[in-house]
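Colleague: What follows is a predicted protein model with its sequence.
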Amino acid sequence: MSDIKDHLAAYHPPTISIPPHPQWPELTPEDERAMKARITTLLKEQNGVLVAHYYTDARLQDLAEETGGCVADSLEMARFGSEHPADTLVVAGVRFMGETAKILSNEKRVLMPDLNATCSLDENCPIEDFARFCDSYPEHTVVVYANTSAEVKARSDWVVTSGIALPIVKHLAAQGNKIIWAPDRYLGSYVQRETGADMVLWPGSCIVHEEFRSIALQRLRRLHPEAAILVHPESPEAVIAQADVVGSTTALIKAAATLPNDTLIVATDKRIFNKMRQLAPGKRLLEAPTEGEGATCLSCARCPWMGMNSLQSLLAVLETGANEIQVSAELAARARIPIQRMLDFARQLTAH
C-alpha cells in the first residue's frame, strides 16, 4: 500500500498544452444571420439537435435554444440528448461531454464542432495510471467526476456532477464506504470537508477555477461590499471560504436569479454570464479575479477548449459530418452503469 501512496504523492499530472484558438474570420451581422439560418436548416435536414454548455460562446447558447436544443451542464446535455427524438446530437462543449452523450445514446450519431476541445481534468486523469491506483484500493468505492473520459467512467462505481456530489458521497459515507475520488482535488477536498467522508483524492485540477485568487477576491469584495460571491467548488479552498453560494453551474445560475443582491462576483467561466443575464437582467456581474500572487493566467476565467466551439466550426461539422464521437458499445455499456446509478439516485432524491 505504501508503494501506491508514494506513487500518488509522486504523480505529476501530464503537462497540458493550451491550444491556439482556431482563427476564423470575424462575422458581420449579415454573415452571422446567414450562418445561423444555414445551421438551422442542416439540423432539420439531419434530424439533429444542438446542445451547448453554459461555458460556450453566447451565440451558440442562443442558437441551441432557438432551434429546440438546450443549454445546460454536462450531464443535463447528455440526458436531454438521450431523451430527444433526434438521430444526431451536436454537442458544443468539450470532448468528455460528447463522450457522455454517446454513452447514454450509443445508437445516435454524436458530432462535435472540434474534437481537439478537451478538458484539463480529463487530461489529468489518464486511465492507465488511474486504473492502477484504483486496483490498489479494492476496498474503496470509486467515485469520479463527470469531467473524465469514457474509460475512467467505466472503471468507476459512481459518476457524479458537482450538483449531486455532496448527497451521493454523504450517502456512501453513511454506509461506511471509503472513497477514491477523481479527478478534481479542489472539488474533492470540498466534498470531503462537507461530508466528513474517508476519501483518497486524485491530484487533478481545472485550469480555469484554480486560477482564482483569494487575496485579490478579498480586495474586490471590499470595493463592492454589497456583492454576493458565487463560487464553483472546483476553486481553491481559500476562494470557496469567501463564498456566499458554492455550487454547480446550474446552482450558480439559480442563485444569480434568486439572490437579492444587485451585484454578483462570480468565480467560474465568465461565459456563464450569458444565461445569468437572461435570468437576472439588470444585475451587475463581476468576474472573480485571476490576478495576484502565484497567478499564471492560463485561462483568465475562460476555458480555452470551450472557446474552440464557434458558429464556423459548428457549420463545418454539419456540412461535412466530420468530428463524430466514437465510443464502442461495450465500453458505453460499462460506463453507463455508474452514470445510471447517479441518475437513479437523483430521481430518488427528488421524489423525497
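Modeller: That came in fine, so what should we check first?

Colleague: lowest average confidence, helix or strand, in the protein?
Modeller: One helix or strand of the chain scores below all others by mean pLDDT, DSSP states H and E: helix 2-10, with a mean of 48.

Colleague: got any ranges where this protein has weak pLDDT?
Modeller: 1-23, 292-299 (pLDDT under 70).

Colleague: redo that, cut-off 50
Modeller: For the chain, applying pLDDT under 50 flags the ranges 1-5, 7, 295, 298-299.

Colleague: Could you pull out the buried residues of the longest helix seen in it?
Modeller: As assigned by DSSP state H, the longest helix anywhere in the chain is helix 329-351. Neighbour counts over helix 329-351 (16 or more other C-beta atoms under 10 Å) mark 331-332, 334-336, 338-339, 341-343, 345-346 as buried. In this view, the C-beta of every residue, glycine as well, is placed from N, C-alpha and C.

Colleague: With stretch 36-48 instead?
Modeller: 36, 39, 42-43, 46, 48.

Colleague: what does the longest helix of the chain contact?
Modeller: Around helix 329-351, the neighbours that count as contacts under C-beta atoms under 8 Å, 6 or more residues apart in numbering are 75, 79, 100, 102-104, 106, 144, 150-151, 153-154, 156-161, 164, 167-168, 171, 327.

Colleague: centre of the chain versus that helix, how much separation?
Modeller: Centroid displacement of helix 329-351 relative to its chain, using C-alpha atoms, centre = their mean, to the nearest Å, is 17 Å.

Colleague: shift numbering so it begins at 21
Modeller: With the count now opening at 21, the last piece we talked about shows up as helix 349-371.

Colleague: Now it - C-alpha only, PDB.
Modeller: The C-alpha trace of helix 349-371 is given here as PDB (Å, rounded to 0.1, in the frame of the first residue of the first chain):
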ATOM      1  CA  ALA A 349     -21.000  -0.400 -27.500                       C
ATOM      2  CA  GLU A 350     -19.100  -2.500 -24.900                       C
ATOM      3  CA  LEU A 351     -17.300   0.500 -23.300                       C
ATOM      4  CA  ALA A 352     -20.500   2.600 -23.400                       C
ATOM      5  CA  ALA A 353     -22.400  -0.200 -21.600                       C
ATOM      6  CA  ARG A 354     -19.800  -0.300 -18.800                       C
ATOM      7  CA  ALA A 355     -19.600   3.400 -18.500                       C
ATOM      8  CA  ARG A 356     -23.400   3.700 -18.400                       C
ATOM      9  CA  ILE A 357     -23.700   1.700 -15.200                       C
ATOM     10  CA  PRO A 358     -22.100   4.300 -12.800                       C
ATOM     11  CA  ILE A 359     -23.900   7.100 -14.700                       C
ATOM     12  CA  GLN A 360     -27.200   5.300 -14.300                       C
ATOM     13  CA  ARG A 361     -26.600   4.900 -10.600                       C
ATOM     14  CA  MET A 362     -26.300   8.700 -10.300                       C
ATOM     15  CA  LEU A 363     -29.500   9.300 -12.400                       C
ATOM     16  CA  ASP A 364     -31.400   6.800 -10.300                       C
ATOM     17  CA  PHE A 365     -30.100   8.400  -7.100                       C
ATOM     18  CA  ALA A 366     -31.100  11.800  -8.400                       C
ATOM     19  CA  ARG A 367     -34.700  10.600  -9.100                       C
ATOM     20  CA  GLN A 368     -35.000   9.200  -5.600                       C
ATOM     21  CA  LEU A 369     -33.600  12.400  -4.100                       C
ATOM     22  CA  THR A 370     -36.200  14.400  -6.000                       C
ATOM     23  CA  ALA A 371     -39.000  12.100  -5.000                       C
END
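
Colleague: Derive a ChimeraX selection command for the buried subset of the contacts of helix 349-371.
Modeller: Here is the ChimeraX command that selects the buried residues among the contacts of helix 349-371 (16+ other C-beta under 10 Å):
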select :95,99,120,122,123,124,126,164,170,171,173,174,176,177,178,179,180,181,184,188,191,347
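
Colleague: which ones are touching the nearest residue to Val71 once chain neighbours are set aside?
Modeller: Closest residue to Val71 apart from its sequence neighbours, by C-beta to C-beta, 6 or more residues apart in numbering: Met97 at 4.3 Å. Contacts for Met97 (C-beta under 8 Å, 6+ apart) come out as 71-73, 90, 111, 113, 117, 120-121.

Colleague: Work out for me the element Met97 sits within.
Modeller: helix 94-103 (DSSP states H and E).
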